[in-house]
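> Build me a model from this:
(one chain, ligands or ions: 2)
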Amino acid sequence: MNNPDPIHSAGSSADQPLALQMQGIYKSFFGVPVLKNVDFDVYHGEVHVLLGENGAGKSTLMKILSAAYKADAGRILIDGQEYHFNHPQEAQRAGISTIYQHLSQTPHLSVAENIFLGDPPLTPLGLLDWSEMRREARRALDLVGATIDGDAIVKNLSVAERQLVEIATAMRRQARILIMDEPTAALTERETGRLFELIRQLKAKGVGIIYISHRLEEVAQVGDRVTVLRDGQIIGTQPVGTVSVVQLVSMMVGRDIQHTSLPPLPGEVREALRVENLSRPGHFDNISFGLNWGEIVGLAGLVGAGRTALAEAIAGAAPAASGQIYVDGQPAAIRHSSDATHYGLGFATEDRARSGLCLALSVRENMTLPLLARWRESLGRFWLNRQREVNLTNNHARELAVRAHDLGESVRYLSGGNQQKVIIAKWLMARCRILILDEPTLGIDVGAKEEIHRLMVRFAREQGGAVLLVSSDLPEVLKLSDRVLVMAQGRLQGVLNRTEATEERIMLHAVAAVEGVIKRG
Ligand SMILES: Nc1ncnc2c1ncn2[C@@H]1O[C@H](COP(=O)(O)OP(=O)(O)OP(=O)(O)O)[C@@H](O)[C@H]1O
Ligand SMILES: [Mg+2]
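Ligands and ions are numbered 1, 2, ... in the order given. Below is the predicted model of the structure:
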């Protein structure tokens, strides 16, 4: 892939004034320190990248800046003046805006309403001034180059569009400091390129940007300076050009990372899963493929190609309208996710907040949820053994380095990446034989990503399971897949085996249908 051009400022950031200084920030939750004496600053017109493992404290630091949390100690200065925020709106008024790790809009309201959420324009009579709101929303959208209709309902927009609405909202509020917490996690390459272009324009306007990402290649593409946070402490701050990705990784994790590779396939081939002519109008059309025991098959394609809908159909979350699924050579009637569990199929969804986790339950309870369903099925034979549950969850949490103070605490309080690890652990524990993983390493730090890869390979090659890996991370797909299926516009556009698969070939299939390069037979 061609990376977008780097976005470094012309001069060094030092000839720009400091927009923000955070000094000596401390924060603990329930007596456990999460940030320890953190100093962090941003110049006007600069992108300062903030890196760190899952749970390092990045989002917490940013929530203190945006006044969602209150620091236990420390100072915040904006343009040299000290502020004490008591409410997020005060931080907003001081020019701080956040594009959250999980999009925070009100989905059933219109774009314009979201842009003015909290302080809509009023007529002299104190009524909502709709025409002014529409006009100003349009201006804000134009400013970020968004062609989205201000009357569109937010829940009908793509992730990239929703993000543009958030940035437009920030611009409407005349943000001077913009926090972007994993903004590209759910974007396609093209959308990412567009976001970087927008960042370039924001920099030129003097906006200071704090950029959090687990995609290390983005540091050089978008950053001016980079700071690494580990266990709540600053490890170092450097100009981007002076530090390599390898150095950054070792600053982040403080140890060497073991890289996983895919051992050769065993000779014998037996089919684990087969789908024939699976269709769901408007989502995917006439999909047929097979997956063998011991195999990892990648499902690549652009966001919106129909991959998640297909995965949901196989896993019973949203059944297909027509077609047949076979497990172990036998027709499988999968109309509901409990049917899928019955056939030994596990499905880790991409949207952890919505369908992957029960936020009200503890980490341990979340990990054992699918297990409970199976134990219930065979209640006569099993007692739900509390000690066994504790041992199992402890082991998996350790293997995946799930960072929680106590597995009995609510999963709600885990960092984004650690929540994702709990989802993966839950399916590995469920003793499934076939795993469908939708974007399993989205928002996962480099070290934990390797752990998840290692577990996937072990699950397939050593335990004889089968994995369908839906991923937009092409290096991940290439590294782990025996075969790569490429979807575009709801259709299977190509199947590449391991030796012929390259990023270019996958992308060719993925965009060909969209751009009409390949004619459909
Ligand atoms: N409201 C809260 N209550 C209790 N603990 C919390 C709360 N918010 C965060 N934490 C804890 O603080 C630590 C830092 O979390 P934070 O979300 O800042 O990490 P992060 O660096 O953003 O990680 P990720 O890359 O996974 O998003 C984690 O151990 C997390 O469990
Ligand atoms: Mg975070």
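> For the helix or strand harbouring residue 165, C-alpha coordinates in CSV please.
Assigned by DSSP states H and E, residue 165 belongs to helix 159-172. Extracted C-alpha coordinates of helix 159-172, given in CSV (Å, rounded to 0.1, in the frame of the first residue of the first chain):
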residue,chain,number,x,y,z
VAL,A,159,-18.4,5.4,11.0
ALA,A,160,-16.3,7.7,8.9
GLU,A,161,-19.2,10.1,8.3
ARG,A,162,-20.1,10.1,12.0
GLN,A,163,-16.5,11.0,12.8
LEU,A,164,-16.7,13.9,10.3
VAL,A,165,-19.8,15.1,12.2
GLU,A,166,-17.8,15.0,15.4
ILE,A,167,-15.0,16.9,13.9
ALA,A,168,-17.5,19.4,12.4
THR,A,169,-18.9,19.7,15.9
ALA,A,170,-15.5,20.5,17.3
MET,A,171,-14.9,23.1,14.6
ARG,A,172,-18.3,24.7,15.3
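> contact partners of it?
Contact with helix 159-172 is made by 97-100, 103-105, 111, 114-117, 136-137, 139-141, 143-146, 148, 154, 157, 178, 183, 186-188, 191, 194-195, 198, 303, as judged by Cβ atoms under 8 Å, 6 or more residues apart in numbering. Bear in mind the C-beta positions are built from the backbone N, C-alpha and C, glycine included.
> And for residue 254, the neighbour number?
13 (other Cβ atoms under 10 Å).
> thought it was touching residue 228?
No. Assessed by Cβ atoms under 8 Å, residue 254 is found out of contact with residue 228, at 9.9 Å.
> Next SSE downstream of the helix holding residue 165?
Going down the chain from helix 159-172, the next helix or strand is strand 177-181, by DSSP H and E.
> pLDDT weak spots in the stretch 151-300 of the chain?
256 (pLDDT under 70).
> could you give the angle of the helix or strand where residue 423 lies to strand 177-181?
For residue 423, the host element (DSSP H and E) is helix 416-429. With axes from the mean of the first three to the mean of the last three Cα atoms, to 10 degrees as the basis, helix 416-429 and strand 177-181 are set at 10 degrees to each other.
> What mean pLDDT does helix 416-429 get?
Mean per-residue pLDDT for helix 416-429: 80.
> Pretty sure residue 299 is one of the things residue 470 touches, is it not?
Yes. Using Cβ under 8 Å, residue 470 is in contact with residue 299, at 4.6 Å.
> Quick check: neighbours shared by these two?
Common contact partners of residue 470 and residue 299 (Cβ under 8 Å, 6+ apart): 307, 311.
> what about the strands in the stretch 401-521 of the chain?
All strands of the stretch 401-521 of the chain, identified by DSSP state E, counting those that start in this stretch, fall at 434-438, 466-470, 483-488, 491-497.
> Of all the ones you listed, which one is nearest ligand 2?
strand 434-438 (19.9 Å; Cβ to the ion).
> Return the list of helices and strands in contact with that closest one.
If you count contacts as 3 or more Cβ pairs under 8 Å, 6 or more residues apart in numbering; DSSP states H and E, strand 434-438 packs onto helix 307-314, strand 345-348, helix 416-429, strand 466-470.
> Could you provide these in JSON lines, with additional columns for mean neighbour count and distance to ligand 1?
Output for those, formatted as JSON lines (neighbours: other Cβ atoms under 10 Å; distance: least, Cβ to the nearest ligand atom, whole Å):
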{"stretch": "helix 307-314", "mean neighbour count": "24", "distance to ligand 1": "22"}
{"stretch": "strand 345-348", "mean neighbour count": "25", "distance to ligand 1": "16"}
{"stretch": "helix 416-429", "mean neighbour count": "24", "distance to ligand 1": "3"}
{"stretch": "strand 466-470", "mean neighbour count": "26", "distance to ligand 1": "21"}
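> closest to residue 236 out of these?
helix 416-429 (21.1 Å; Cβ to Cβ).
> what helices or strands is the closest one leaning on?
With contacts defined as 3+ Cβ pairs under 8 Å, 6+ apart, the packing partners of helix 416-429 are strand 345-348, helix 363-377, helix 386-399, strand 434-438, helix 446-457.
> 7 Å instead?
strand 345-348, helix 363-377, helix 386-399, helix 446-457 (3 or more Cβ pairs under 7 Å, 6 or more residues apart in numbering; DSSP states H and E).
> Pretty sure residue 291 sits against residue 468.
Yes. Using Cβ atoms under 7 Å, residue 291 is in contact with residue 468, at 5.9 Å.
> Need the overlap of contacts for the two.
Counting by Cβ atoms under 7 Å, 6 or more residues apart in numbering, the residues touching both residue 291 and residue 468 are residue 297.
> What residues of stretch 186-198 count as buried?
186, 187, 188, 189, 191, 192, 193, 194, 195, 196, 198 (16 or more other Cβ atoms under 10 Å).
> go on, stretch 154-171?
Applying 16+ other Cβ under 10 Å to stretch 154-171 flags 154, 157, 159-171 as buried.
> Ok, stretch 449-468 next?
In terms of neighbour count (16+ other Cβ under 10 Å), stretch 449-468 has its buried residues at 449-457, 459-461, 465-468.
> Now do the end-to-end distance for it.
Start-to-end span of stretch 449-468 (Cα to Cα, to the nearest Å) is 17 Å.
> could you give the mean pLDDT of it?
The average pLDDT within stretch 449-468 is 90.
> Find the pair from the buried residues of stretch 154-171 with maximum spatial separation.
Using Cβ to Cβ, the pair of the buried residues of stretch 154-171 lying farthest apart is 159 and 171, separated by 18.8 Å.
> give me the element the residue in the chain that ligand 2 sits nearest to is part of.
Nearest residue of the chain to ligand 2 (Cβ to the ion) works out as residue 59 at 3.2 Å. According to DSSP H and E, residue 59 maps onto helix 58-65.
> Packing partners of that helix?
Using 3+ Cβ pairs under 7 Å, 6+ apart: helix 58-65 touches strand 18-29, strand 32-43, strand 177-181.
> Could I get the ones you listed in CSV, plus columns for mean neighbour count and distance to residue 88?
Below are the helices and strands packed on helix 58-65 laid out as CSV (neighbours: other Cβ atoms under 10 Å; distance: least, Cβ to Cβ, whole Å):
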stretch, mean neighbour count, distance to residue 88
strand 18-29, 18, 16
strand 32-43, 19, 18
strand 177-181, 25, 12
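> what would the ones you listed look like in a markdown table with distance to ligand 1?
What follows is the helices and strands packed on helix 58-65, written out as a markdown table (distance: least, Cβ to the nearest ligand atom, whole Å):
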| stretch | distance to ligand 1 |
| --- | --- |
| strand 18-29 | 3 |
| strand 32-43 | 4 |
| strand 177-181 | 7 |
